[in-house]
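1. sequence unknown, structure follows:
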Ligand code: IPE
Ligand code: IPE
Ligand code: MG
């Protein structure tokens, strides 16, 4: 019964191929409950588990989540440390399950500045799941959109690419996200209307959806609501109609 209901909820909906999420509002979620911010981050990791399952169920092919930005190092050392440990725990506890579900894990972000042991753990998760193709999970960790563009430009210069060969395509190919296609839908929880240095190149024609819901409270129903709103949008890509006349 439940399965039938779920099927009909999705019927006729265009499912975005690539959804990217700015998982914001953990701290405020905790504060509202009189809890330390770190508890909010812990609850946020739980929310990610549910959302991942819903992505698989909905048939979303790529999910990119903003887990830690290059600017988040500015937070108090205790919070940064907790976020680092949370990534370790998430990999330790969830890797096998994700692997069984057919999730391919990828890391997008700078490796420089990340602890060697943590990097090794990330590489292991990436390698173990590299042949899965049900859902690609891009984890934006130590990620900054500007840093990503700087790194792409550095690669172009290092490779000695001639000026006339520098195109949008040649830049895209050198971003961390390559070969993931650009996001169709970017969701920001926690009520803000900014990208906070997330996928700034790739977001050029993404539909943006902001919800007041704090990330730890975000679940299947909220994802479905975002997909429904996405279905109401008309993507024109600078033209006049979403489909040629
Ligand atoms: C998002 O939640 C998680 C990270 C940035 C790592 P916040 O910690 O930014 O939560 P708020 O925005 O302070 O509520
Ligand atoms: C964006 O949230 C980063 C992540 C969700 C990892 P922030 O809380 O860091 O963004 P600002 O500070 O509100 O722009
Ligand atoms: Mg925030």
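-> The structure has been received and is ready for your questions. Everything numeric here is computed off the predicted structure, so don't read it as measured data. Ligands and ions are numbered 1, 2, ... in the order given.

2. which bits of the chain sit near ligand 1?
-> Listed as neighbours of ligand 1 in the chain under the rule Cβ under 6 Å from any ligand atom: 23-28, 68, 72, 83, 190. Bear in mind the C-beta positions are built from the backbone N, C-alpha and C, glycine included.

3. now, these that are in helices?
-> Those of the residues of the chain next to ligand 1 mapping onto helices are 26-28, 83, per DSSP state H.

4. hmm, back to that, of the residues of the chain next to ligand 1, buried ones?
-> Among the residues of the chain next to ligand 1, those scoring as buried are 23-28, 68, 72, 83, 190 (criterion: 16 or more other Cβ atoms under 10 Å).

5. and those, which two are furthest apart?
-> 28 and 68 (17.6 Å; Cβ to Cβ).

6. from the buried ones among the residues of the chain next to ligand 1, which are also near ligand 2?
-> Okay, of those touching ligand 2 (Cβ under 6 Å from any ligand atom), that's 23-24, 68, 72.

7. show me where the chain dips below the pLDDT cut-off.
-> 1-6, 242-245 (pLDDT under 70).

8. burial of residue 132, as a residue count?
-> Neighbours of residue 132 under the rule other Cβ atoms under 10 Å: 17.

9. for residue 143, see how far away it is.
-> Distance of residue 132 to residue 143, computed by Cβ to Cβ, to the nearest Å: 21 Å.

10. make CSV out of the ones in helices among the residues of the chain next to ligand 1 and add distance to residue 162.
-> Formatted as CSV, these follow (distance: Cβ to Cβ, whole Å):
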residue, distance to residue 162
26, 46
27, 48
28, 49
83, 42
